[in-house]
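**Student:** A structural model of the following input is requested.
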Amino acid sequence: MKSNKLIVFLLAALALIALPLVAQQFGQGWVRIMATALLYVLLALGLNIVVGYAGLLDLGFVAFYAVGAYMYALLASPHLFETFESIARVLPNGLHTPIWLVVPLAALLAAMAGALLGAPTLKLRGDYLAIVTLGFGEIIRVFMNNLEHPVNITNGPRGLDRIDSMRLFGFDFGKALTIGDFRIPSVTLYYYLFLVLVVFSVVICHRLELSRIGRAWMAIREDEIAAKAMGINTRNMKLLAFAMGATFGGVSGSMFAAFQGFVSPESFSLMESVMIVAMVVLGGLGHIPGVILGAVLLAALPEVLRYVAGPLQQLTGGRLDAAILRQLLIALAMISIMLLRPRGLWPSPEHGKAAPARGR
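**Tutor:** Numbers count the residues shown, from 1 in each chain. Just a heads-up that it's a prediction; the model follows:
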């Protein structure tokens, strides 16, 4: 059994490594879609800790995504040096932040934001918690949108551009890598970087799920009063869930800023939060393979449907807008999935009393 699993993992690893090399033959756009899907997998894994493991409905998860993105954008763009002369005098060549510093900083800052959100919501559940977290996400977006006066920090709705690409020990992910006659574009290099982060995140989530902390989160999800009666410190466990989930959002936000080279408040709207929640729910709450499947499908589906919406628009004589038609197709796909698979596409196996009876 273990040897079979090892063979499957090796085949999957080889497929994931070869996939962008094959896809780039048909255009870099396909590789970009896959790299973006991996970013959403990171976000979905983080939200799965909060929603899937601890059972805390968080509709403001995109706030941590924004915190990580703006942190990297401010540290790796000339905006601060052009705005503040004192910073320009201290660092005349600018601050070109390496990845080994960016990732811990993004994780730490997002974790602090997660704890800040979790602290006032410890006694809230269900709909009330969802409304508060939704408000928190909107506050962060509005904050980034308006932090232009009296001191220009975020550049307001115009966003921050000229952001440095990721660098690791002198290696620049923003430049193509040439090996002999074979050229690997920058977008493919980012794909591999995101893939490494996703694998690392999956290992962390799996270890958390099997740990005492993971079991405590699931006990809180099933029955908070019973968990408290069993001696679980529900306050600390909830704060830890918010902080741990937020770290994934912060890291993926910093990667997004480097990948895009531009960030603005429009990238962190409420719709983004809703989509991330939908990825977790459609894939399967609390089940890592299901969450990954849901994230990949919902991240890639809008781009793939571009090729369907165009011909459908032509069939109607151009009377239907392609963008609206694409959103309609996405909504219909989501409704169909939830009707056919109410527990998600790949739900976690049932345990305990909910497990199906087996014949002896």
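**Student:** pick out the residue closest to the middle of the protein.
**Tutor:** Leu43 (1.7 Å; CA atoms, centre = their mean).
**Student:** mean confidence score for the host helix or strand of it?
**Tutor:** Here Leu43, judged by DSSP states H and E, is contained in helix 28-47. Per-region confidence: helix 28-47 scores 94 on mean pLDDT.
**Student:** again, but for stretch 64-75
**Tutor:** Stretch 64-75 carries an average pLDDT of 93.
**Student:** can you list contacts of it?
**Tutor:** By CB atoms under 8 Å, 6 or more residues apart in numbering, the residues outside stretch 64-75 that reach it are 43, 46, 79-80, 95, 97, 102, 105-106, 109-110, 113-114, 140-141, 144, 153-154, 160, 163, 245-246, 248-254, 256-258, 263, 265, 267-268, 272. Every residue, glycine included, has its C-beta placed from N, CA and C.
**Student:** go through these and flag which are in strands.
**Tutor:** Among the contacts of stretch 64-75, no member falls in strands (DSSP state E).
**Student:** okay, Ala115: pLDDT?
**Tutor:** pLDDT recorded at Ala115 is 92.
**Student:** where in the stretch 251-360 of the chain is pLDDT low?
**Tutor:** 318, 320, 322, 350-360 (pLDDT under 70).
**Student:** wait, isn't Arg158 in contact with Glu266?
**Tutor:** No - look at Arg158 against Glu266 with CB atoms under 8 Å: they stay out of range, at 10.6 Å.
**Student:** report the beta-bridge partner residues of the nearest residue to Ala73 once chain neighbours are set aside.
**Tutor:** In space, and not counting its chain neighbours, Ala73 is closest to Leu160: 4.2 Å by CB to CB, 6 or more residues apart in numbering. The residues listed as beta-bridge partners of Leu160 by DSSP bridges are Val263.
**Student:** name all residues that make contact with Leu160.
**Tutor:** Going by CB under 8 Å, 6+ apart, Leu160 touches Tyr70, Ala73, Leu74, Ser77, His79, Thr154, Phe262, Val263, Ser264.
**Student:** which of those residues ranks first by neighbour count?
**Tutor:** Among the contacts of Leu160, the one with the most neighbours (other CB atoms under 10 Å) is Ala73, at 29 neighbours.
**Student:** the one helix or strand that one maps to vs helix 28-47, what angle?
**Tutor:** Using DSSP H and E, Ala73 sits within helix 62-75. Counting by axes from the mean of the first three to the mean of the last three CA atoms, to 10 degrees, helix 62-75 lies at 120 degrees to helix 28-47.
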